[in-house]
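Participant: Return a 3D structure for these sequence lines:
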Amino acid sequence: MSNKSVSELLIERLMQWGVDTIFSLPGDGINGIYEVLRVNEKNIRLVQVRHEEAAAFAACAYAKYSGRLGVCLATSGPGGVHLLNGLYDAKFDGQPVLAITGHTFHDLIGTHYKQDLDLDKLFMDVAAYNERIMGPSHVHNVVDEAIKTALSKRTVVHINIPKDIQEWEMDGQRSKANVLAHSANIYEMSRPVPSLVELNAAAALINVGKKVVILAGQGALDAREEILQLAAMTQGVIIKALLGKAVVPDDNPYTTGGLGLLGSAPSQDAMQECDTLIMAGTSFPYMEFYPKQPVRTVQIDIDSARIGLRNKVEVGLTGDCRETLRALLKLLEVKSDKSFLEKSQGRMKKWNELLRVEGTCPDKPLKPQVVAYNLSSLMDSNCIICADTGVVTTWAARHIMVREDMQFSISGNLSSMANSLPYAIGASMANPGRKVICLCGDGGFSMLMCELATIAKYQLPVKIIIFKNNTYGMIKWEQIVFEGNPEYGVELHPIDFAMFARSCGVASFTLDDPALVQTILRQALDTHCPTVVEAIIDPYEAPMPGHITSDQAWHFVEAVMRGEKDRWNIIKTIIKNNVRRVL
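Facilitator: The predicted structure follows:
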């Protein structure tokens, strides 16, 4: 270790932990680290982004789509500040991400020097482990502790290194208490299982249930076989939280798809008719969609603090979802009554027909559902799907059918706009060779559209579908339907995204004709380079809930009466859609 600098020790230790990718934007506060990355460029890949927020989003996606640690690096002051949104996304969705930041000179900290922003304090809330490296003999201890914390707690950690300390070299000076090589780069994943007493209590509850619903979330993504076996044994209905969309394929006969405003009507019906609820790896946040009737609930979660967070739970099982289900299945009785399941399947058949009608609508302007529905049928069965936050999330949730080995994610609990494009970067870097489909709204895309240049630079096989309606669509409909107010402040100045894509060196298509949807999407998907499809869609198409409540209906009428400027176009669209559904 002699004569190695702090930066060398840092990068060396990261590589010993298996880190091979870092998302970053350069800055003078991390130039010492960058020099070591340059020397080691064959062993560790530096992905240069155009905005630090994208670096953090990409690191989160890298973790989501690979199951490995995501790493991002930013300079002092504003560079570190820019990381925060993407880091909160990782924290809220339980993803292991290490953020490394620079700082000003160690002996000028706290003296109003340039960019003297105390990132240690700024990151106190977002990072479960948050430490400043004080010298060469401190590096291994801090890096090891940070990475173990990120992996074991599935969360964000932060390491800060002052600019000049990055250059300090190991000189043999260390405290007597800091025994050489006492810290190890070893982490063993824990898959805890509840006690037999707890498992028997859960099994007894489930065995007497007659109408079973399984609400599966992100924590069950590696438990597909177990979830399907649970449904088969209980004749239960699988409902999926959006982060758990890929738990089971959307065409599986046991599932009714999603829940909530973006979910299906059959899922809402099943939730309000069940007598037994099994929550597997989810703490789905919208409490108004849980059963209103008395229901007996079992919840499985790796985090004991999540048990009973959303719904009254009778039996809580703290443990790894897959291993807990494997143990629980051995104790369950096989049910023969399929009436509840078959009722839900009948409803789902009608719901899927509704999606087909919406997805094949020949009307102009082009309906967003038509784009998503046709895209779904053309995607590879092992592609990766990244969806933005906004109205586009509705079309992705309902019309993109997850099959076989597809992966799907969004900014779940943070629900941040602009996540999809950097997600695609992280997903593609984590899974070389796999096709990545990026679904964006024009509002979300324009927030970090500079990252299209990153995709072009690294020639990532990403297909970006932009749903362009020149408005912040979700906010517009929230103003109208939830608040009863006319829309305000949501109009967007149009951007020619196809032209912008070409200026970045990315192939592009413009799509506005329903008759050409299949042709253009197929051409875009078949290209061997990054591609943008600018889909110009109907701005009056409302993302209606699976079931609309009387309050929502009244708020819509109220907004129209108070002067919603597009009221007649919106009313005509809604009436036309509902007539089509009936016919």
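Participant: make it CA atoms for all contacts and neighbour counts henceforth
Facilitator: Will do.
Participant: where are the low-confidence patches of the stretch 101-250 of the chain?
Facilitator: Screening the stretch 101-250 of the chain residue by residue with the criterion pLDDT under 70, one finds the ranges 172, 176.
Participant: Strands of that one, residue ranges please.
Facilitator: Ranges of strands in the stretch 101-250 of the chain, per DSSP state E, counting those that start in this stretch, are 129-132, 156-162, 212-216, 237-240.
Participant: Include distance to residue 535 and mean neighbour count when you put the ones you listed into a markdown table, please.
Facilitator: A markdown table is the format used below for the strands of the stretch 101-250 of the chain (distance: least, Cα to Cα, whole Å; neighbours: other Cα atoms under 10 Å):
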| stretch | distance to residue 535 | mean neighbour count |
| --- | --- | --- |
| strand 129-132 | 43 | 21 |
| strand 156-162 | 36 | 27 |
| strand 212-216 | 32 | 29 |
| strand 237-240 | 28 | 30 |
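Participant: Leaving out chain neighbours, which residue sits closest to the residue nearest the centre of the chain?
Facilitator: The centre of the chain sits closest to residue 410, judged by Cα atoms, centre = their mean, with a distance of 2.9 Å. Once flanking residues are discounted, residue 410 sits nearest to residue 387: 5.2 Å by Cα to Cα, 6 or more residues apart in numbering.
Participant: For that neighbour, what are phi and psi?
Facilitator: phi -120, psi 140 (degrees, to the nearest 10).
Participant: lowest-pLDDT helix or strand in the protein?
Facilitator: Ranking every helix and strand in the chain by mean pLDDT, DSSP states H and E puts helix 550-561 at the bottom, with a mean of 49.
Participant: need the contact list for the closest residue to residue 124 other than its chain neighbours.
Facilitator: Sequence neighbours aside, residue 130 is the residue nearest to residue 124 in space, at 6.6 Å (criterion: Cα to Cα, 6+ apart). With contact set as Cα atoms under 8 Å, 6 or more residues apart in numbering, residue 130 has these partners: 120, 123-124, 146, 157-160.
Participant: what's the closest non-adjacent residue to residue 368?
Facilitator: residue 537 (5.6 Å).
Participant: Quick one: neighbours of that neighbour, just the number.
Facilitator: Residues contacting residue 537 under the criterion other Cα atoms under 10 Å number 24.
Participant: partner residues bridging it?
Facilitator: residue 366 (DSSP bridges).
Participant: wouldn't it be in contact with residue 467 here?
Facilitator: Yes: judged on Cα atoms under 8 Å, residue 537 makes contact with residue 467 at a distance of 6.4 Å.
Participant: quick one: the helices in the stretch 1-150 of the chain?
Facilitator: 6-16, 31-39, 52-66, 78-82, 84-92, 119-122, 139-153 (DSSP state H, counting those that start in this stretch).
Participant: and of those, who's closest to residue 357?
Facilitator: helix 52-66 (32.3 Å; Cα to Cα).
Participant: Give the rounded mean pLDDT of the strand or helix carrying residue 396.
Facilitator: Assigned by DSSP states H and E, residue 396 belongs to helix 391-399. Taken as a whole, helix 391-399 has an average pLDDT of 96.
Participant: what's that helix in contact with?
Facilitator: By Cα under 8 Å, 6+ apart, the residues outside helix 391-399 that reach it are 242, 245, 257-258, 262-264, 355, 359, 368-369, 372-373, 376, 387, 439-441, 467, 473-474, 543.
Participant: repeat for stretch 504-516
Facilitator: 361-367, 370, 452-453, 456, 498-499, 501-502, 517, 520, 524, 529-537.
Participant: Go through the protein and flag its longest helix.
Facilitator: Taking DSSP state H as the criterion, the chain has its longest helix at helix 339-359.
Participant: That one - what's its average pLDDT?
Facilitator: Mean predicted confidence for helix 339-359 is 96.
Participant: Output the contacting helices and strands for that helix.
Facilitator: Applying 3 or more Cα pairs under 8 Å, 6 or more residues apart in numbering; DSSP states H and E, one finds that helix 339-359 contacts strand 255-258, helix 265-273, helix 368-378, helix 391-399, helix 567-582.
Participant: quick one, the helix holding residue 396 and helix 339-359 angle?
Facilitator: Orientation of helix 391-399 against helix 339-359 (axes from the mean of the first three to the mean of the last three Cα atoms, to 10 degrees) gives an angle of 130 degrees.
Participant: re earlier: how far off helix 368-378 does the longest helix of the chain point, in degrees?
Facilitator: 110 degrees.
Participant: for helix 339-359, which positions count as buried?
Facilitator: Buried residues in helix 339-359, counted by 16 or more other Cα atoms under 10 Å: 340-342, 344-345, 347-348, 351-352, 355-359.
Participant: nearest to residue 325, of the strands of the stretch 101-250 of the chain?
Facilitator: strand 212-216 (11.8 Å).
Participant: Name the residues that touch the closest one?
Facilitator: Here strand 212-216 has contacts from 206, 227, 231, 234-241, 244, 247, 270-271, 274-282, using Cα under 8 Å, 6+ apart.
Participant: Next: stretch 319-337.
Facilitator: In contact with stretch 319-337 (Cα under 8 Å, 6+ apart) are residues 191-194, 199-200, 202-204, 206-207, 210, 219-220, 222-223, 226-227, 229-230, 232-235, 280-281, 300-303, 317.
Participant: Name the residues of it that are buried.
Facilitator: Buried-residue list, stretch 319-337, by 16+ other Cα under 10 Å: 319-322, 324-329, 331-332, 335.
Participant: Also stretch 272-285?
Facilitator: Here stretch 272-285 shows 272-284 as buried, counting by 16+ other Cα under 10 Å.
Participant: ditto for stretch 296-309
Facilitator: Buried residues in stretch 296-309 (16+ other Cα under 10 Å): 296-302, 306-308.
Participant: cool, and stretch 127-140?
Facilitator: Buried-residue list, stretch 127-140, by 16+ other Cα under 10 Å: 127-140.
Participant: can you list these in TSV and add distance to residue 97?
Facilitator: Converted to TSV, the buried residues of stretch 127-140 look like this (distance: Cα to Cα, whole Å):
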residue	distance to residue 97
127	9
128	11
129	11
130	12
131	15
132	17
133	18
134	22
135	23
136	23
137	24
138	20
139	18
140	18
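Participant: What about residue 58, how many residues nearby?
Facilitator: So residue 58, with other Cα under 10 Å, has 35 neighbours.
Participant: hang on, I meant residue 16
Facilitator: Around residue 16 there are 12 residues (other Cα under 10 Å).
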